[in-house]
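[1] return a 3D structure for these sequence lines:
(2 chains)
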Amino acid sequence: MSVLATVKTVIDTEGTARHNLLPVLTSLRSKLGSLSPEILKNVSQIMDIPMAHVYGTATFYSFLETKPMGKNVIRLCRTISCDMHGKRDVLNALEDVLAVKNGETTTDGLFTLTETNCLGHCHEGPVMLVNDEVFSSLKPENIPAIIDEIRKKR
Amino acid sequence: MKKIKIQIDNREVEVDEGTTILKAAEKLNIHIPTLCHHEDLCIAGNCRVCVVEVEGANLLSASCATPVMEGMKIHTNSMKVRNTRRTILDMLLSEHAGECTSCTRSGNCELQTLAGYYASPDNALLDISIKSKPDTSSPSITKDDSKCIRCQRCVRTCEEIQKVGALSMSGKGEHAKVSTFFELPLNTVICTNCGQCVTRCPTGALVERSYIDEVWDALSNPDVHTVVQTAPAVRVGLGEALGHDPGGRFTGKMVSALRNLGFDAVFDTNFTADLTIIEEGSELLARLTNVLTGDKSAQLPMFTSCSPGWIKFIEHRWPHLLGHLSTCKSPQQMFGPLAKTRYPEATGVNPQKICSISIMPCTAKKFEADRPEMRASGFKDVDYVLTTRELAKMIKQAGIDFDALEESECDSMLGKHTGAAVIFGATGGVMEAAIRTVYELVTGRQVPFENLNITPVRGMEGIREATLKIEGTVEKYRFLEGVEVKVAIAHGLINADKLMEAVNGGNAPWHFIEVMACPGGCLSGGGQPIPTSPDIRAARANAIYEEDASLLLRKSHENPEITKLYEEFLVDGPLGHTSHHLLHTHYTPRP
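    Numbering: from 1, shown residues only, chains lettered A, B, ... in the order given. Purely as a prediction, here's the structure:
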């Protein structure tokens, strides 16, 4: 299905009123990956919301990326509890295994490594989210196995 | 309406239910400082500068966003309020890469003024401002995020007044900023260049793109022959930028100032406003004739085409309605080619050496002059466009004592004008000028309004309508006998959009629609002195109508220089071959 057709289908389902913008963008993010200019332009036209406003809404939410992302998005919690439990070593391990820096995407497009605010698992930090799955009580030495597992799955 | 009694700074006041503390304080002549608040816009309540102390409340309240409640005791100048205001200003300044001394808005910056009143004397907080590169892609507007305080007046203006929405907030927290779609350059997005954001920006984050240096270069070059035109609204705005109250008229002094600045020929856009009426009036009659005689291709209603912000808006938003736009160029762009064809032909000046400069109340005119179609003379028809504000700045730079200037008149040939041209500066003015001429052409009599004042088309209502029954037609226009000509006027693009919805839906009873992009018309254009408010616009409109009433000739077709122009130069008459080549244009869909 083309981008335009997908956008149309999603808006048909969610509704064209302005307050439907967030569910529309959330749904498109999961169906089409990161929200490209083409996607947002189509949303703007069909819902008759100015393009800049659609972009503004998308950029307000961390999980509605507007920049190209890898197939799997790793979000490592950057807040204080995880930090105190060794988040930096975990980040180093992730950077080593994936051969990217924080904020970058692997050359094969499989992974994007990024940080996020609190995921609410402070009692079992450090914690990270890979797509929709939570990985808690992380240790640097476990990282290669976790990444291998995800590689195999997808 | 229910009345509410409150106390502000120990003084009683009674106001309507729903009034904000800010407005209630105004009633007592207590001035509470504001930044994000603007009379023309919805409440935002984000800058917090207007905080006040309400007895019994733990937190301070934003007075712009808090409605009064019975028995409230409010303090606008307590120690707590003063300390908080200072902290707020200090924080705004810590993020503001000011360049205060050289900023375009220095001396007219709301942040600078409030900082002077309230901020700590020694920059109390760390400087965490980010100096970003300004977006200079647009020929009209420069956007400099490092000066932005994120009050969102521009965002609200673009959406609420213009229905354009070229700007929005993106990101959040410390990364929040005013952005275009994907932060693309301004010249590539839907921006109409109207500059209404510029006249509402409290700082120098949005300013006009300045061409003052280029114009000084031309004025200083002995090989360049400078020709200048000034739009009708400039003369009722210029005074404000030079220290006068709104509503003053400075036509004569402005002309003298332009001569003192060194312009070789000082002409008037009003002359081509009169010319526009002849061409556009003829076009309207031609379209009416075609429709009434069964020509299906003629499109009515016809829309005026003087406002370049409006033109870009319709090109973006209603491209399939472009056929309704009059093909007449705006007065600025009618003047341009005449200054490089008619003027050199009559005077022997080499057209290659002419630099044509216009002074406009408008930022979109800068874009208009740059349009590729605007080279009918074989050169760029208008070389540089300056705003009213830029002219005021040049007058200051040159050390001219404006108030002491003698009054003088424009040079002849492209300088004489009628009152009909003057009122082009106000919403409804183009319509009124057109009706004065068209009615007389068709009936041989003056419009049936006292003193030529067609009051139904005047005023500040966003959309106005009027009907004029045509009776007693002359032979040539007998087919119009008894026809009720219906017109509509819109100012502010959100109102224009409503008319377009009607036209698009086939529910438009009108024959002729005037649109000016800016609220109030050109008199409150994006290039006019800052600030703007309903009162200021009313004062400027008043000045425009006074100027019209003060003139002997008040109908475009009575301008003797226009008659001469058709006799000597545009010899095949209105809508003729030469007119078509020099004075008419086409439009570009921008989906």
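[2] report the distance from stretch B:523-543 to the chain centre.
    Taking CA atoms, centre = their mean, to the nearest Å, the mean C-alpha location of stretch B:523-543 is offset from the chain mean by 8 Å.
[3] what about residue 36, neighbour count?
    Unless you meant another one, I'm taking chain A. Using other CB atoms under 10 Å in any protein chain shown, the number of residues around A:Ser36 comes to 17. Every C-beta, even on glycine, is put in place using the N, C-alpha and C of the backbone.
[4] chain B is the one I meant
    For B:Cys36, the count of nearby residues is 23 (other CB under 10 Å).
[5] surely it meets B:Cys64?
    Yes - the pair B:Cys36 / B:Cys64 is scored as a contact, 7.5 Å apart, by CB atoms under 8 Å.
[6] now the common contact residues for these two.
    The contact sets of B:Cys36 and B:Cys64 overlap at B:44-45 (CB atoms under 8 Å, 6 or more residues apart in numbering or on different chains).
[7] burial count for the closest residue to chain B within chain A?
    Per CB to the nearest CB, A:Pro50 is where chain A lies closest to chain B, at 2.4 Å. Counted with other CB under 10 Å, residues neighbouring A:Pro50 total 21.
[8] again with B:Leu300
    18.
[9] before we move on, which element is it in?
    Under the criterion of DSSP states H and E, B:Leu300 resides outside all helices and strands.
[10] mind jotting down where the helices sit in the stretch 51-200 of chain B?
    B:79-94, B:110-118, B:153-156 (DSSP state H, counting those that start in this stretch).
[11] go on, chain A?
    Using DSSP state H, the helices of chain A run over residues A:3-14, A:21-32, A:37-47, A:51-60, A:80-84, A:87-98, A:143-153.
[12] any residue of the second one touching chain B?
    This points to helix A:21-32. No - counting by CB under 8 Å from any CB of the partner chain, chain B is not contacted by helix A:21-32; separation bottoms out at 12.0 Å.
[13] what does that helix contact?
    The contact list for helix A:21-32, computed with CB under 8 Å, 6+ apart, reads A:3, A:6-7, A:10-11, A:13-14, A:35, A:39, A:43, A:47, A:49, A:54, A:57-58, A:61, A:63-65.
[14] which parts of that helix are buried?
    Under the neighbour-count criterion of 16 or more other CB atoms under 10 Å in any protein chain shown, helix A:21-32 has A:21, A:24-29, A:32 buried.
[15] do stretch B:289-309 as well
    Within stretch B:289-309, the residues that qualify as buried are B:298-309, counting by 16+ other CB under 10 Å.
[16] who's in contact with the residue of the stretch 301-450 of chain B found nearest chain A?
    Using CB to the nearest CB, the single residue of the stretch 301-450 of chain B nearest to chain A is B:Arg317, 10.1 Å away. Contacts for B:Arg317 (CB under 8 Å, 6+ apart) come out as B:497, B:500.
[17] hmm, try it at 7 Å
    B:Asp497 (CB atoms under 7 Å, 6 or more residues apart in numbering or on different chains).
[18] next up, phi/psi of it, please.
    phi -100, psi -30 (degrees, to the nearest 10).
[19] so for the residue of chain A positioned farthest from its centre, what's the nearest residue that isn't a sequence neighbour?
    Distance from the centre of chain A peaks at A:Asp48, with 26.3 Å (CA atoms, centre = their mean). Closest residue in space to A:Asp48, ignoring its immediate chain neighbours: A:Thr16 at 7.7 Å, by CB to CB, 6 or more residues apart in numbering or on different chains.
[20] do you know how far the one you found is from A:Leu25?
    Look at A:Thr16 and A:Leu25: by CB to CB, to the nearest Å, they are 14 Å apart.
[21] pLDDT at A:Arg154, what is it?
    In this model, A:Arg154 is scored at 63, pLDDT.
[22] which residues touch the residue of the stretch 351-500 of chain B found nearest chain A?
    Closest approach between the stretch 351-500 of chain B and chain A, counting by CB to the nearest CB: B:Asp497, at 10.9 Å. Going by CB under 7 Å, 6+ apart, B:Asp497 touches B:163, B:317.
[23] specify the local secondary structure of it.
    Secondary structure, DSSP: H, G, I helix; E, B strand; the rest coil: B:Asp497 is helix.
[24] identify the residue nearest the residue in the stretch 101-250 of chain B that chain A sits nearest to in space, chain neighbours excluded?
    Going by CB to the nearest CB, chain A is nearest to B:Gly165 of the stretch 101-250 of chain B, at 2.4 Å. Leaving aside its chain neighbours, B:Gly165 sits nearest to A:Pro50 (2.4 Å; criterion: CB to CB, 6+ apart).
[25] I'd say that neighbour and B:Leu167 touch.
    No - between A:Pro50 and B:Leu167 there is no contact under CB atoms under 7 Å: 8.8 Å.
[26] for chain A, which spans come out with low pLDDT?
    A:154 (pLDDT under 70).
[27] residues from it in reach of chain B?
    By the rule CB under 7 Å from any CB of the partner chain, the part of chain A lying against chain B is A:37, A:50-53, A:55-56, A:59-60.
[28] what about the residue nearest to A:Asp48, neighbour count?
    When neighbours are counted by other CB under 10 Å, A:Thr16 registers 13.
[29] then B:Asp223?
    If we define neighbours as other CB under 10 Å, then B:Asp223 has 8 of them.
[30] ok, B:Glu465 next?
    For B:Glu465, the neighbour count with other CB under 10 Å is 16.
[31] now do the contacts for it.
    Going by CB under 7 Å, 6+ apart, B:Glu465 touches B:487-488.
[32] domains in chain A, as residue ranges please.
    A:3-60, A:72-153 (automatic domain parsing).
[33] who wins for proximity to B:His31 among those domains?
    domain A:3-60 (32.9 Å; CB to CB).
[34] now find how far off-centre the closest one is within its chain.
    That offset, for domain A:3-60, works out to 16 Å (CA atoms, centre = their mean).
[35] that one: end-to-end distance?
    This stretch, domain A:3-60, spans 22 Å end to end (CA to CA, to the nearest Å).
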